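>>> Quick one: sequence plus predicted model below, questions after.
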Amino acid sequence: MLQIKNLHVEVEDKKILNGIDLHIKAGEMHAIMGLNGSGKSTLSNTVTGRENYTVTEGDILYNNESILDWAPEDRALAGIFMSFQYPTVIPGVNTTYFLRAAVNAKRKHNNRKEYDAANFLKFIKSKLEEVEMDTAYLKRSVNEGFSGGEKKRNEILQLLCLEPELAIMDETDSGLDIDAIKIIANGINNYRNNNRGFLVITHYQRLLKYIKPDIVHVLINGQIVKSGRKELALELEEKGYGWLEK
Amino acid sequence: MNNNKTDIIDQRVKEDYKYGFVTDIESETLPPGISEETIQFISEKKKEPSWLLDWRIKAYRKWLKMKEPKWQHVSYDNIDYQSISYYSSPKKKNIKSLDELDPELLKTYNKLGIPLDEQKMLNGIAVDAVFDSVSVATTFREELRNHGVIFCSFSEAAINHPEIVKKYLGTVVPYTDNYFACLNSAVFTDGSFVYIPKGVKCPMELSTYFRINEAKTGQFERTLIIAEDDSYVSYLEGCTAPMRDENQLHAAVVELVAHTNATIKYSTVQNWYPGNPETGAGGIYNFVTKRGSCLGNHSRISWTQVETGSAVTWKYPSCILKGDNSVGEFYSVALTNNRQQADTGTKMIHIGKNTKSTIISKGISAGKGQQTYRGQVKIMKSAENSRNFSQCDSILIGDQCGAHTFPFIDVRNHSATMEHEASTSKIGEDQLFYCNQRGINTEDAVSMIVNGFCKEVFNELPMEFAMEATKLMEVSLEGSVG
């Protein structure tokens, strides 16, 4: 599904990623762990096509097609979703309106009929229950005045609404208490199936208690220095990252 | 790795204002130039009472001694007042059907959702029997008459209700007020007149649209609205449809008078031709003096404006809060793109006790647009326990535009409470990316973000107008940012 080949990325002339290789197949969940500044977020921003993340070498293939020249919205419509580490506030834009615009953009892309207001409300209500959010959220502006936990739940809500093939979870657990982590892990676990791939980016292994990745990679200085089964996460928790640094 | 966004923005910014059109009117037009004879001619044409002519002449003589103001933060070529024709009476249009109009204009009408018959009326095309605008207007007029409401052109009012016009004309904006108001007082050609009697809640939104076929207003428009005790009126001016005009200078005057416990809501949507996108040439200069007097206790005047057109906009709808417990409000959205310049804001003059004013100003600059918020809040010695809240937000799209804020606060009574908030932000790369990542393209994302930014102001507009304004922003942004 996602194939990253020898990826080198610069941000503002600074080399951040130095040759990443990663292959996520349908149904797999990969976790990337690493300290701050190791390049985790650069990886997710590059895959989703954010401005100013310059690929200097290598390629990103999505369903066997290079997506380096694709606009971010085209990558999104093709099924790549990112749960943001810091979801953006959009003042004055009603959450329902935003979600409907996003869902309808996707439906239009897939040649399906766009939702009208009434049908969308029915659709969204069922999704809200899955992440234990009430309908009051819908009336608020996008992420405005949301607590950390609410913002992240809102990200999971969008994941459930947009039904992507590939979900990148960028530090979804940071700043959350244990109850919120459980709700979010539950959302992610329910969403997992054989057709969908996950890339979970995290600093700590505590989220990995609730969602079980198939493969764990350790990212240090823009390179994957070790990959292994989920036990690797526990090992990192115990020993820290020092023993892996060159 | 992707320059998509900047490309779209660049490309959009370069796009022309495709929605202008030139009216083709057979008209009776005075040769260019201004003199006492010109003014006599206008007054005669209008069959005005002699006191009004005297007033015009006094204004003209004053104007000759005045100097054009230069303090505003805009620049434009010198205006040659002798090259302007001050009277032009439209007779009829040669356009017989919408097919003869610029298809681009029709496209814009449709994007804005302007009904077919209204499109025809805007272009002076007779409307067929299925929807007879005249009869609709007549029905409305009859209903208004049953309530004692007077709603007519200024010229009619000068003839039919001279006592009211004489009593109020120039009481809020005296002809000596400023250069352009003075010029307007001398040569105004027409405008609207509204009178709401005591205790009457005007049964409908009053809009210039109702009388669009009856009286064409010229470049020097004059509006006078009087709300007697315990009355209410909501007045809508302008329309979202793009307007082009062969007269470059527009200098209107609007005067509002609210008596005890009366409320006047005045909403404007302005979409005049902004001029050549590269040079700004040919765009309208919109120099307007709007002021309301909250004369009675517990009176309220509320200005709401959406300014998207004109090459140069220069206006400060203001409130004089004379009555105790009176309330003044100003809600504004102004958009400048390409070479457009706007210097706009408000003045709130607190005189009565417990007077309250609210200012919400939202500025959007794109292209090489320059925008200034200029506001004055003045608390006089007599204004015990007055309050003002001001909020001025600007949003910048691209890196060649500018936003400036000049708030001026003068407090002479220490019991006053003043709050001022201001912000300037660039349309966030993070906001755009967030939308893009959800599959929403940049063009839709920009219009969504900007409409969100304007929401507080749009909420103040009457329902249908608010929906039109949202669409107008979309269309304006489509031709301006991406």
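Okay, I see it.
>>> Quick one: name the residues of chain A near chain B.
Residues of chain A lying close to chain B by Cβ under 8 Å from any Cβ of the partner chain are A:46, A:48-51, A:53-55, A:68-73, A:76-77, A:81-82, A:84, A:87-88, A:90-94, A:97-98, A:101-102, A:105-106, A:109, A:141, A:158, A:162. (C-beta placed from N, C-alpha, C; glycine too.)
>>> Give me the buried entries from the residues you listed.
Buried by 16 or more other Cβ atoms under 10 Å in any protein chain shown: A:46, A:48-51, A:53, A:70-73, A:76-77, A:81-82, A:84, A:87-88, A:90-94, A:97-98, A:101-102, A:105-106, A:141, A:158, A:162, out of the residues of chain A next to chain B.
>>> so of these, which ones are in strands?
Among these, the members falling in strands are A:53, A:81, A:82, A:90, A:91, A:92, A:93, A:94, A:141 (criterion: DSSP state E).
>>> Just the buried residues of stretch B:450-464, please?
Buried residues in stretch B:450-464 (16+ other Cβ under 10 Å): B:450, B:451, B:452, B:453, B:454, B:455, B:456, B:457, B:458, B:460, B:461, B:462.
>>> In CSV, list the residues you listed along with secondary structure.
Shown next, in CSV, are the buried residues of stretch B:450-464 (DSSP: H, G, I helix; E, B strand; the rest coil):
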residue, secondary structure
B:450, helix
B:451, helix
B:452, helix
B:453, helix
B:454, helix
B:455, helix
B:456, helix
B:457, helix
B:458, helix
B:460, coil
B:461, coil
B:462, coil
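>>> could you redo the residues you listed as a markdown table and give each row distance to residue B:262 and pLDDT?
Listed next are the buried residues of stretch B:450-464 as a markdown table, based on distance: Cβ to Cβ, whole Å; pLDDT from 0 to 100:
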| residue | distance to residue B:262 | pLDDT |
| --- | --- | --- |
| B:450 | 35 | 87 |
| B:451 | 32 | 86 |
| B:452 | 34 | 87 |
| B:453 | 32 | 87 |
| B:454 | 28 | 88 |
| B:455 | 28 | 86 |
| B:456 | 25 | 85 |
| B:457 | 23 | 89 |
| B:458 | 25 | 87 |
| B:460 | 18 | 87 |
| B:461 | 20 | 85 |
| B:462 | 18 | 80 |
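>>> could you pull out the helices for chain A?
For chain A, helices defined by DSSP state H occupy the ranges A:40-48, A:72-77, A:95-109, A:117-130, A:136-139, A:148-162, A:178-191, A:231-239.
>>> Tabulate the buried residues of stretch B:450-464 (JSON lines), appending distance to residue B:334.
JSON lines is the format used below for the buried residues of stretch B:450-464 (distance: Cβ to Cβ, whole Å):
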{"residue": "B:450", "distance to residue B:334": "12"}
{"residue": "B:451", "distance to residue B:334": "15"}
{"residue": "B:452", "distance to residue B:334": "17"}
{"residue": "B:453", "distance to residue B:334": "12"}
{"residue": "B:454", "distance to residue B:334": "10"}
{"residue": "B:455", "distance to residue B:334": "15"}
{"residue": "B:456", "distance to residue B:334": "14"}
{"residue": "B:457", "distance to residue B:334": "10"}
{"residue": "B:458", "distance to residue B:334": "13"}
{"residue": "B:460", "distance to residue B:334": "15"}
{"residue": "B:461", "distance to residue B:334": "14"}
{"residue": "B:462", "distance to residue B:334": "19"}
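>>> Of all the helices of chain A, which one comes closest to residue B:395?
Smallest distance to residue B:395 across those (Cβ to Cβ): 17.7 Å, for helix A:95-109.
>>> name the helices or strands packed onto that closest one?
Other helices and strands packing on helix A:95-109, by 3 or more Cβ pairs under 8 Å, 6 or more residues apart in numbering or on different chains; DSSP states H and E, are helix A:72-77, helix A:117-130, helix A:136-139, strand A:141-142, helix A:148-162, helix B:442-458.
>>> Tell me how many other residues surround residue A:65.
10 (other Cβ atoms under 10 Å in any protein chain shown).
>>> hmm, I was thinking of residue B:469
23.
>>> pLDDT weak spots in chain A?
Applying pLDDT under 70 to chain A flags the ranges A:246.
>>> Check it for the residue nearest chain B and tell me.
Taking Cβ to the nearest Cβ, chain B has its nearest neighbour within chain A at residue A:92, 3.1 Å off.
>>> residues contacting the nearest residue to that residue once chain neighbours are set aside?
Nearest residue to residue A:92, sequence neighbours excluded (Cβ to Cβ, 6 or more residues apart in numbering or on different chains): residue B:452, at 3.1 Å. Residue B:452 is in contact with A:90, A:91, A:92, A:93, A:94, A:141, counting by Cβ atoms under 8 Å, 6 or more residues apart in numbering or on different chains.
>>> Distance to residue B:195 for those - can I get that in JSON lines?
Output for these, formatted as JSON lines (distance: Cβ to Cβ, whole Å):
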{"residue": "A:90", "distance to residue B:195": "45"}
{"residue": "A:91", "distance to residue B:195": "41"}
{"residue": "A:92", "distance to residue B:195": "37"}
{"residue": "A:93", "distance to residue B:195": "41"}
{"residue": "A:94", "distance to residue B:195": "40"}
{"residue": "A:141", "distance to residue B:195": "42"}
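>>> Greatest separation within these: which pair is it?
Of all pairs in those, the most separated under Cβ to Cβ is A:91 and A:94 at 10.7 Å.
>>> Now do residue B:230: how many residues are near it, please.
19.
>>> Mind pulling up the pLDDT for residue B:88?
Note for residue B:88: predicted pLDDT of 65.
>>> got it, and the one 10 residues further on?
Predicted confidence (pLDDT) for residue B:98: 64.
>>> same deal with the one 3 residues further on?
With respect to pLDDT, residue B:101 scores 64.
>>> what's next to stretch B:173-189, contact-wise?
For stretch B:173-189, contacts defined as Cβ under 8 Å, 6+ apart pick out B:34, B:38-39, B:42, B:46, B:55-60, B:62-63, B:66-69, B:81, B:86-87, B:154, B:170, B:217-222, B:251-255, B:287-289, B:291.
>>> Identify each buried residue in it, please.
Within stretch B:173-189, the residues that count as buried by 16+ other Cβ under 10 Å are B:173, B:175, B:177-189.
>>> Of the buried residues of stretch B:450-464, just say which sits nearest to residue B:322.
The closest of these to residue B:322 turns out to be residue B:460 (Cβ to Cβ; 22.9 Å).
>>> For chain B, what lies in contact range of chain A?
Contact residues (Cβ under 8 Å from any Cβ) of chain B with chain A: B:1-2, B:4-5, B:428-431, B:433-442, B:444, B:448-449, B:451-456.
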